[in-house]
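# sequence first, predicted model second:
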Amino acid sequence: MADFDFTHLPDIRNLRSSLIHETLFSRQVFQLWEDVLLSQPLDDPDSLWVPSPAQPAVQRAQHSLIRWDGRADLGQIISEKFGIDTVVETGRRYYYQFGKPAVIRVLCTVDEKAPDITLAERLGPLRRLEIKTRILQKSEDERSLFDGVPLTFDYTAAAIVRLRDSRELLDLVRTYSVEGQQIKLPANFIWKNDHWSYSQQGTSSMIYFVEANPRSVMWNPIDTLYSAAEVAYTPPGWQEDMQKMKRCMATEP
């Protein structure tokens, strides 16, 4: 097995710096919103929606970092960032469309006095992050655009990084497959430790979500819980399949 050595990497908290947003997170794959911002005058709701100057990519990247307290409805927090926003100062309404990013970044900071939550409440948003939004569609006369049909996008946690603090001298990493199964890290990987949770009071974690496998969101994460890790989740029949595999490998050709 390869010797994984990440000692040269900087403190992962630098991933919130302006430089990393300019060089990496400004790419469209990390952006929550489409790069075209449409708007129309407030006093003429039947007028055309036209492209308006959008925020610079770096600012949009910084705003694409979701901040979460680990308790509120994360899907609702993100879903409310899309749709029509009325700005009296400019005299226009703006339509923010979901950009279907490849990766959604969430900074989870849990207050020291936050209430305890159940296992199901911890697993829920990680296993299935449901984002509800709408898209603009052309009207029949094709002169204007209107709010389209509702759409739902499912994301799932691909990685959680527990940020170092006075209790932990290193950032701790936990990763998952698109089916939600925890990926076992090499024995010599010093950034692993299963004795923690992103929901622990007084801690901060970066959570990275990717689009979910359409099949995996139908699985029940509680009934198939496999070990004590945060989302140590395995699909139905996993253990039986492993036993069959072992028997096949042990069979003489």
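Sure, I can see it.
# show me the shaky parts of the stretch 51-200 of the chain.
Scanning the stretch 51-200 of the chain for pLDDT under 70 picks out the ranges 137-148.
# which residues of it fall in helices?
Here the stretch 51-200 of the chain has its helices, by DSSP state H, counting those that start in this stretch, at 57-63, 74-79, 119-127.
# including distance to Gln28, could those helices go into a markdown table?
Yep, even glycine has a C-beta here, placed from its N, CA and C like the rest. Rendered in a markdown table, the data for the helices of the stretch 51-200 of the chain read as follows (distance: least, C-beta to C-beta, whole Å):
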| stretch | distance to Gln28 |
| --- | --- |
| helix 57-63 | 8 |
| helix 74-79 | 17 |
| helix 119-127 | 24 |
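# of all these, which one is nearest Leu170?
helix 119-127 (21.7 Å; C-beta to C-beta).
# so what pLDDT did Trp238 get?
What the model reports as pLDDT for Trp238 is 47.
# is Thr109 in contact with Ala72, as I believe?
No. Contact between Thr109 and Ala72 fails when scored by C-beta atoms under 8 Å: they sit 11.9 Å apart.
# hey, which strand is longest across the protein?
strand 145-162 (DSSP state E).
# direction included, what does it pair against?
strand 129-138 (antiparallel), strand 172-175 (antiparallel), strand 204-211 (antiparallel) (DSSP bridges).
# dump that strand to PDB, restricted to CA.
What follows is strand 145-162, C-alpha atoms only, in PDB (Å, rounded to 0.1, in the frame of the first residue of the first chain):
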ATOM      1  CA  LEU A 145     -39.800  34.300 -18.700                       C
ATOM      2  CA  PHE A 146     -41.800  32.800 -15.800                       C
ATOM      3  CA  ASP A 147     -41.200  30.700 -12.800                       C
ATOM      4  CA  GLY A 148     -40.900  27.100 -14.000                       C
ATOM      5  CA  VAL A 149     -41.800  23.800 -12.500                       C
ATOM      6  CA  PRO A 150     -40.200  22.800  -9.200                       C
ATOM      7  CA  LEU A 151     -37.200  20.600  -9.300                       C
ATOM      8  CA  THR A 152     -35.400  18.600  -6.600                       C
ATOM      9  CA  PHE A 153     -31.700  17.700  -6.500                       C
ATOM     10  CA  ASP A 154     -30.300  15.200  -4.100                       C
ATOM     11  CA  TYR A 155     -26.800  15.500  -2.700                       C
ATOM     12  CA  THR A 156     -24.900  13.300  -0.300                       C
ATOM     13  CA  ALA A 157     -21.800  13.800   1.900                       C
ATOM     14  CA  ALA A 158     -18.500  12.800   0.200                       C
ATOM     15  CA  ALA A 159     -16.100  14.000   2.900                       C
ATOM     16  CA  ILE A 160     -16.200  15.600   6.400                       C
ATOM     17  CA  VAL A 161     -13.100  17.400   7.800                       C
ATOM     18  CA  ARG A 162     -13.200  18.000  11.500                       C
END
